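Peer 1: sequence-free structure coming up:
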């Protein structure tokens, strides 16, 4: 079953590191993918812009894997929708 949010986040991560999306799995760590702290910050800005969400610094510090990123974005989108 395809998950459109997962696909969009993978696309953003893949573009940030210039790698094919099919080389990224939910369990890939950001470090394994070559993300350093500046890459993470830049990608967070991209995610915030794309999904119209705000990701706190505390939340950014908890992001270790692709799954963390996807689920974090999903939670923030759900919270935003619930408050709309």
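Peer 2: Perfect, thanks for sending it. Remember, predicted model here, so these are calculated numbers, not experimental data.
Peer 1: in what helix or strand does the spatially most central residue of the chain lie?
Peer 2: For the chain, the residue nearest the mean C-alpha position is residue 69 (3.7 Å; C-alpha atoms, centre = their mean). Following DSSP states H and E, one finds residue 69 within helix 66-82.
Peer 1: which regions of this structure sit below the pLDDT cut-off?
Peer 2: For the chain, the stretches with pLDDT under 70 are 1.
Peer 1: Now do the strands in it.
Peer 2: Under the criterion DSSP state E, the chain contains no strands.
Peer 1: Show the residue spans covered by the helices in it.
Peer 2: Taking DSSP state H to define them, one finds helices in the chain at 4-17, 37-51, 57-60, 66-82.
Peer 1: surely the residue nearest to the centre of the chain meets residue 40?
Peer 2: No. Using C-beta atoms under 8 Å, residue 69 is not in contact with residue 40; the gap is 9.3 Å. Glycine gets a C-beta too; all of them are placed from N, C-alpha and C.
Peer 1: Would you mind grabbing the residues shared as contacts by these two?
Peer 2: 30, 63 (C-beta atoms under 8 Å, 6 or more residues apart in numbering).
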